[in-house]
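# Need coordinates for the following:
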Amino acid sequence: MEALIIGCLQTNFFTEADRWANIWIAQHPHDWLARYWHGAVLDAGNQYPLAKEEYLKALELNPNGFDIHLRLAEALMRELQSLEAAHPELVTPESPTQRVGAPASTRFAPVKHAAPMLSLSNAFNEEELRAFDQRVRKLLGRDDVGYVCELKIDGLAINLTYVDGKFVQGATRGDGLVGEDVTGNLRTIRSIPLTLREPVKGRLDVRGEVYLPTASFEATNRERAERGEPAFANPRNAAAGAVRQLDPKATAKRNLAMWAYSAAGLEVASQSELLQRLDQLGLRVNPDRRAAKTLDEVIQFINECKEKRHTLKYGTDGVVVKVDRIADQERLGYVARNPRWATAFKFPAEQATTTIEDILVYVGRMGTLTPVAALAPVLVGGTTVKRATLHNLDEVRRLDVRKGDRVIIQRAGDVIPEVVRVETDAREKGKTYPEFDMPAKCPVCGGDVIHPEGEVAYYCGNPICPAKSGQRIGYFVSRGAMDIEGLGWKTIEALMEVGLVRDPADIFDLTVEKLLTVDRFAEKSATNIYERIQAAKRRPLSRILLALGIRHVGDTTADDLAHWLATRLPKDAALGAVFDVLRNVSVDELQSIEGIGGVVAESIKEYFSRAEEQEFLDKLVRAGIVPVMPAPRPAAVTGPFAGKNVVFTGTLERRSREDAEALVRSLGGKITGSVSAKTDLVVAGPGAGSKLEKANKIGVRVVDEETFEGMLP
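Now for the predicted structure:
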């Protein structure tokens, strides 16, 4: 009977479907499935109130039916939409139908936080945790210090602003001082209340973490794989990408959730009381928390969480430990941008042993050849790992890793799988373990592989290598560049195969009609992609420059170059004028730009002088792309890094690279991506490579992370 009804619905025979559903109910009045499918039939016929009644009857017969709950919620939403369409005067901002009502945005406005969103210092072992406890007790002058332990969520930090109990604005953390306005997107998250349960007079700022539940994260990656798009490395990246969607409707599809963990504007005496108050107001507070009277109780909670974290329905990478009493927090204060009254204990990277089945070579967008270890599948930190990066040939030689070796791998920071060491003692006597070497020919196109003198990297020398073209297009449309959602790798491949796209500029020549000639497109999907392409014709200048894929030009350099161009061109300058300046600029002029050294200047000059790039640049101009000039930079602040060019290399263990760079900028410094004579300081962590070598060679000051921390005010 079920198959019969489904067949009728799929062929739009609603009357016949309704007849069979009624026959089923007459024969089996207490069968929840019969009621469920009758509800589905009524739902398909837009009879929402009747469908709702059938779903409720099905729930009475099967209270645990997840699909029934889902169908009921959808029927209720459609009934509400129907009522509001008939009576628009009754629509309120708090209505669930308004959560996805904001128009798509072309950019996010900056939001200055009322109070800085601070980062936390990190503790990586019990010894560092006890040192934190000792500092707290010494500064407070007593031993009876209580703590609150909360799981550190693998998501995106946000700030929610409520005025008189109404949600008015939501922003990302950004650099801690200024974030991005993502109010429309956050309104789509159903665990964020649009109105608090109790009115709170005046302004209330709530801090929390938006995250993607594990089931949603896995479903998102499956969908991306089906579309030929790369999987998200972790839930944090997935949540960040969802929150920063230009269209709130796209955010709504991701099934995001939020935990609240702090607030400014509530009269409370402790962190424990604050969390209880947030819960009373209708904000979701993580129940996996514990008050601890001693550090031993803190450590006990951490050890319990280490064991159970892979069974939770969300990602966590540690435990945040906070001094409980608010009066104690205020007395302890802050150092640099970290509160003295809190620290984040980071779970150690998990390791596993497996076998190198092969060493593959991947070709990137710049033609760079990267060795990658193909592994016998192994479970690490709850995730099956089949690939691990080997970075470059020098790293392969340092590890002495070979095909057939037993190796120890770990997910560094629970994110990137890497080979830690080779168990050379496990090599079987008499068995050959061939030493890996870079191929002489590109594995994709067969072109010659080149290795420039003095460089670590190997490159494919073929300018029209398909791997370079496809990767270049993929980079051009990526979120950090032109941000055209939906153009994944399989779509790009399909467009290249039929000859519609040969370089990134061809994307802007696509029409709905052209897209419909490709097998994977239907009318709706073709229209959606076309509209996103049109929206991408207006982008910040820095992102356009980044999207070009100029060697050595990353986010920071693209931003520096855009600000320099803004001083030489009118605010409404066309893209052609931008390219004209860059075609005619000298290397010396480029080197005069703060943050751009000799190597980068040469690379920019070489790119805009290259004959094969001119047609591509002209096509971008003809496509009508409009660059948005950056606003002038604020006057430099004073601080220990004021006026200094700082480079980070290797792995930081006490804070994230992003936090460290933001901290240097806030103290007057400039972050650069390469080492040159203009570099004032290099902060080197474990795994530092060529940048550290160059710094030592040319005499630039090098410090480790501990020394860097000591330089902070």
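
# Any idea how many residues pack against Pro213?
By other C-beta atoms under 10 Å, the residues close to Pro213 number 18. Every residue, glycine included, has its C-beta placed from N, CA and C.

# if I pick it, what's in contact with it?
Asn255, Ala257, Lys313, Tyr314 (C-beta atoms under 8 Å, 6 or more residues apart in numbering).

# show me what contacts the second one?
So the one you mean is Ala257. Contacts of Ala257 (C-beta under 8 Å, 6+ apart): Ile189, Arg190, Ser191, Val210, Tyr211, Leu212, Pro213, Arg284, Tyr314.

# Let me have the residues you listed in a markdown table, adding distance to Ala562 as columns.
Formatted as a markdown table, these follow (distance: C-beta to C-beta, whole Å):
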| residue | distance to Ala562 |
| --- | --- |
| Ile189 | 32 |
| Arg190 | 38 |
| Ser191 | 37 |
| Val210 | 29 |
| Tyr211 | 33 |
| Leu212 | 32 |
| Pro213 | 38 |
| Arg284 | 39 |
| Tyr314 | 37 |
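
# Sitting in strands, which of those do you find?
Val210, Tyr211 (DSSP state E).

# Taking the contacts of Ala257, tell me the two that lie furthest apart.
Among these, the pair separated by the greatest distance (C-beta to C-beta) is Arg190 and Tyr314, at 15.4 Å.

# who has more neighbours, these two?
Shown here are Arg190 and Tyr314; by other C-beta under 10 Å, Tyr314 has more neighbours (22 against 16).

# how many neighbours does Gln544 have?
Check again: residue 544 is Ile, not Gln. 23.

# Send me the helix or strand hosting it as CSV with only the CA atoms.
Ile544 belongs to helix 541-547 when elements are defined using DSSP states H and E. Provided in CSV are the C-alpha atoms of helix 541-547 (Å, rounded to 0.1, in the frame of the first residue of the first chain):
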residue,chain,number,x,y,z
LEU,A,541,39.2,44.6,-4.7
SER,A,542,41.3,42.6,-2.3
ARG,A,543,39.3,39.4,-3.1
ILE,A,544,39.5,40.0,-6.8
LEU,A,545,43.3,40.3,-6.6
LEU,A,546,43.4,37.2,-4.4
ALA,A,547,41.2,35.3,-6.9
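
# tell me what that helix is packed against?
Packing partners of helix 541-547 (3 or more C-beta pairs under 8 Å, 6 or more residues apart in numbering; DSSP states H and E): helix 555-566, helix 575-584, strand 626-628.

# Can you give the distance from that helix to the centre of its chain?
Remark: helix 541-547 is offset 19 Å from the chain centroid, using C-alpha atoms, centre = their mean, to the nearest Å.

# Any buried residues in that helix, and which?
Leu541, Ser542, Arg543, Ile544, Leu545, Leu546, Ala547 (16 or more other C-beta atoms under 10 Å).

# Stretch 555-571 too?
Of all the residues in stretch 555-571, those buried under the rule 16+ other C-beta under 10 Å are Thr556, Thr557, Ala558, Asp559, Asp560, Leu561, Ala562, His563, Trp564, Leu565, Ala566, Leu569.

# of all those, which comes closest to Glu150?
Nearest to Glu150 among these, with distances taken as C-beta to C-beta, is Thr556, at 33.3 Å.

# where exactly do the helices run in the stretch 601-713 of the chain?
Taking DSSP state H, counting those that start in this stretch as the criterion, the stretch 601-713 of the chain carries its helices at 611-622, 657-666, 690-698, 705-711.

# nope, the stretch 301-450 of the chain is what I was after
Under DSSP H, counting those that start in this stretch, the stretch 301-450 of the chain gives helices at 326-332, 393-399.

# how about those helices in CSV, adding mean pLDDT, distance to Val703 and mean neighbour count?
Converted to CSV, those look like this (pLDDT from 0 to 100; distance: least, C-beta to C-beta, whole Å; neighbours: other C-beta atoms under 10 Å):
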stretch, mean pLDDT, distance to Val703, mean neighbour count
helix 326-332, 94, 27, 15
helix 393-399, 91, 23, 16
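
# Among those helices, which comes closest to Ala631?
Evaluated with C-beta to C-beta, the helices of the stretch 301-450 of the chain place helix 326-332 nearest to Ala631, the distance being 35.4 Å.

# tell me the contacts of Pro540?
By C-beta under 8 Å, 6+ apart, the contact set of Pro540 is Arg107, Ala562, Pro627, Val628, Pro630.

# Would you mind checking those residues for buried ones?
Among the contacts of Pro540, those scoring as buried are Ala562, Pro627, Val628 (criterion: 16+ other C-beta under 10 Å).

# Quick one: the helices of the stretch 301-450 of the chain as CSV, columns for distance to Glu428 too.
Listed next are the helices of the stretch 301-450 of the chain as CSV, based on distance: least, C-beta to C-beta, whole Å:
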stretch, distance to Glu428
helix 326-332, 58
helix 393-399, 19
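
# Which one of the ones you listed lies nearest to Leu379?
helix 393-399 (22.2 Å).

# Pull the residues that contact the closest one.
Contact with helix 393-399 is made by Ile359, Pro371, Leu390, Val419, Arg421, Val422, Phe436, Asp437, Met438, Val456, Tyr458, Gly689, as judged by C-beta under 8 Å, 6+ apart.

# Redo these as CSV? Include pLDDT and distance to Phe124.
What follows is those, written out as CSV (pLDDT from 0 to 100; distance: C-beta to C-beta, whole Å):
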residue, pLDDT, distance to Phe124
Ile359, 94, 31
Pro371, 92, 29
Leu390, 88, 25
Val419, 88, 21
Arg421, 90, 19
Val422, 93, 25
Phe436, 94, 32
Asp437, 94, 37
Met438, 94, 35
Val456, 85, 29
Tyr458, 92, 35
Gly689, 76, 22
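
# In PyMOL, select just the buried ones from those.
Remark: buried members of the contacts of helix 393-399, expressed as a PyMOL selection using 16+ other C-beta under 10 Å:
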select buried, resi 359+371+390+419+422+436+458+689
